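K.L.:
For reference, the sequence and a predicted model appear below.
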Amino acid sequence: MKKEEILKAAQNEKKDEGRKYVNDFALAAAGAFAFIVISLMILYKHVTNESYGELLSLFIGMVGAFCYGKFVLTSKKYWLFGAAILLSGSAIVFMDMSEL
């Protein structure tokens, strides 16, 4: 293919690679920040012998919500299955740890 044909085919797809890169980077950065903050909070509560179940539940629920978002975007069933398992696990951890 010539350069002009490749450019024309890319323009017809109407996919902006720059926008996709920025969205993916922002999602990864926000996820990494949330992971670090929640991990530090869980570690602090563990060291001070406080209950950290609510934070663990929040973290598991966050990952479950991410999986559900991927299901909405891609319509792949394994993302929905993962989201259901993680969100159920989040509820179980929250209920179990709240009794302590």
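P.N.:
Arrived safely, thanks for sending.

K.L.:
nearest residue to the residue sitting nearest the centre point of the chain other than its sequence neighbours?
P.N.:
Against the mean C-alpha coordinate of the chain, by C-alpha atoms, centre = their mean, the closest residue is residue 66 at 3.2 Å. Distances taken as C-beta to C-beta, 6 or more residues apart in numbering put residue 31 closest to residue 66, at 6.9 Å, once the chain neighbours are dropped. For glycine as for every other residue, the C-beta is placed from the backbone atoms N, C-alpha and C.

K.L.:
Can you verify my assumption that that neighbour contacts residue 65?
P.N.:
No: contact criterion C-beta atoms under 8 Å: residue 31 and residue 65 do not qualify, at 10.8 Å.

K.L.:
residue contacts, residue 52?
P.N.:
For residue 52, the contact set (C-beta atoms under 8 Å, 6 or more residues apart in numbering) comprises 41-42, 45-46, 97.

K.L.:
hmm, back to that, which strands and helices sit next to the helix or strand the residue nearest to the centre of the chain falls within?
P.N.:
Per DSSP states H and E, residue 66 falls inside helix 53-74. If contacts are counted by 3 or more C-beta pairs under 8 Å, 6 or more residues apart in numbering; DSSP states H and E, helix 53-74 sits against helix 17-47, helix 77-98.

K.L.:
I'd like to know the average pLDDT value across the first one.
P.N.:
In this case it means helix 17-47. Averaged across helix 17-47, the pLDDT comes to 89.

K.L.:
The closest residue in space to residue 35 that isn't next to it in sequence: how many residues sit nearby?
P.N.:
Nearest residue to residue 35, sequence neighbours excluded (C-beta to C-beta, 6+ apart): residue 59, at 7.6 Å. Per other C-beta atoms under 10 Å, the neighbour tally for residue 59 reads 21.
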